[in-house]
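> quick check, what structure comes out for this input:
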Amino acid sequence: MTDTLVGGRAGLIEEYFRRMDAGSPDILELVTDDAEIGYPKYGIGRGKSAFHEMWSGFSDIVAFQHVLTNRIYAGDFVVVEGFTNGRGADGRTWTGGSTPGGRFCNVFEFRGDLIARVHVYLDPDYFGDDKARFRWGREGRSW
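You can find the predicted model right below:
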């Protein structure tokens, strides 16, 4: 891979999300050995084993799809916004943009041609189970 915007990092980001949605273990080929992962309710972990540990928290999700809507490139950083759609093992679904869960923002940092850091910003309550602490009404808003 090259470091050029079109062929390198842009393609690597697309490949990262493609492999993530497919649940492909070779996604770790795209990150450095000491890569940092940050995710709400998980915290921050380092190394490829941290990626495995964080992803193990999704064992109740059987289908996942990322839809990327915006990308911002700034030196060694790429910011990606979008939404996810998915289905849990219990059959419940979410559709980012239509349900409260599912919108996200990821910040990637690169070292050469590999991802050295990815922090994910979202509400991990995909199914809206945490209604008791929801501070605002839901009617009349798009998600």
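
> in stretch 61-75, what counts as buried?
Judged by neighbour count using 16 or more other Cβ atoms under 10 Å, the buried positions of stretch 61-75 are 61, 64, 66, 71. (Each C-beta comes from the backbone N, C-alpha and C, glycine too.)

> buried set for stretch 26-33?
Going by neighbour count (16+ other Cβ under 10 Å), the buried part of stretch 26-33 is 27-28, 30-32.

> check which element follows the lengthiest strand in the chain along the chain.
Among the elements of the chain assigned as strand by DSSP state E, the one spanning the most residues is strand 61-74. Moving toward the C-terminus from strand 61-74, the first helix or strand encountered (DSSP states H and E) is strand 77-88.

> hey, where'd the helices end up in the chain?
10-22, 48-56 (DSSP state H).

> okay, the ones you listed in CSV with mean neighbour count, mean pLDDT and distance to residue 127 next?
Conversion of the helices of the chain to CSV gives the following (neighbours: other Cβ atoms under 10 Å; pLDDT from 0 to 100; distance: least, Cβ to Cβ, whole Å):
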stretch, mean neighbour count, mean pLDDT, distance to residue 127
helix 10-22, 16, 94, 18
helix 48-56, 15, 90, 18
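
> I'd like those laid out as CSV, including distance to residue 79.
Formatted as CSV, these follow (distance: least, Cβ to Cβ, whole Å):
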stretch, distance to residue 79
helix 10-22, 10
helix 48-56, 20
